[in-house]
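Chemist: Structure of the sequence below:
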Amino acid sequence: MKIYLILLLVLFLALLQGAFLKLNLVLLLVLSWAVFRPPREVVLVAFASGLMLDLAQGKPLGFFALVFLLASYLLLLYRRRFDSLHPLFLPLFVFLISYLLFLFDQRHWFGGSCLVLALLALGVRYLLVFLIGRVDRGQIKLR
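Modeler: Next up, the predicted model:
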C-alpha cells in the first residue's frame, strides 16, 4: 500500500481528534500499522503522524512524535519476541500505551477511553488480518 494513503488517513484522524474526539485514534492507527509493516516504514509513519497530531492539537512540536516513536520501537521489539498476530497482543499494547500517555499528558487516569481504544484495536486487528489475507491471495489488487 502506498504510504501517502496512510498519511492522509492520519491527517484526517488528527484533525478530527484535535477538534472533536478525546480518543487517540492516531495512536491506534500507528500501532496497528506497526504490527503488520516493515520497521523502516513504521518509523516514518510514527514520526510523521506524531508531528501532524502535534500541529492539530496545539501541543509542543515533537511531543506526540516522540511518544509514537517510542511506542512503535517498543512494539517492534516485542513483535520479534512474541507472536504479534495473537488476538490479544495489539489490544493489550494499545491499552498500556494509552494508559501511560493519559498519565503523562493529563496526570489522571480515565479508564473508559483506554478500554474503548483497546476494543477498537481488537476490531482493527481483525479487519487488517482479513484485508491482508485477501491481498495476499490476489483477490484485491493494489497498484
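Chemist: got any ranges where the protein has weak pLDDT?
Modeler: For the chain, the stretches with pLDDT under 70 are 1-2, 107-110, 133-143.
Chemist: what sits against the residue nearest the centre of the chain?
Modeler: When C-alpha atoms, centre = their mean is applied to the chain, the residue found nearest the centroid is Val30 (2.5 Å). Residues near Val30 by C-beta atoms under 8 Å, 6 or more residues apart in numbering: 10, 42, 45-46, 49-50, 68, 71-72. Any C-beta I mention is one placed from the backbone N, CA and C, and that applies to glycine too.
Chemist: how many neighbours does the nearest residue to Arg79 once chain neighbours are set aside have?
Modeler: What sits nearest to Arg79 in space, not counting adjacent residues and going by C-beta to C-beta, 6 or more residues apart in numbering, is Val35, at 6.7 Å. A count of nearby residues for Val35, using other C-beta atoms under 10 Å, gives 20.
Chemist: Val35 is in what secondary structure piece?
Modeler: In this structure, Val35 sits in helix 25-36 according to DSSP states H and E.
Chemist: And the residue nearest to Arg79, how far from Ser113?
Modeler: According to C-beta to C-beta, to the nearest Å, Val35 stands 21 Å off from Ser113.
Chemist: swap in Leu66?
Modeler: From Leu66 to Ser113 the distance is 21 Å (C-beta to C-beta).
Chemist: Disregarding residues adjacent in the polypeptide, which is nearest to Gly111?
Modeler: Once flanking residues are discounted, Gly111 sits nearest to Tyr99: 7.9 Å by C-beta to C-beta, 6+ apart.
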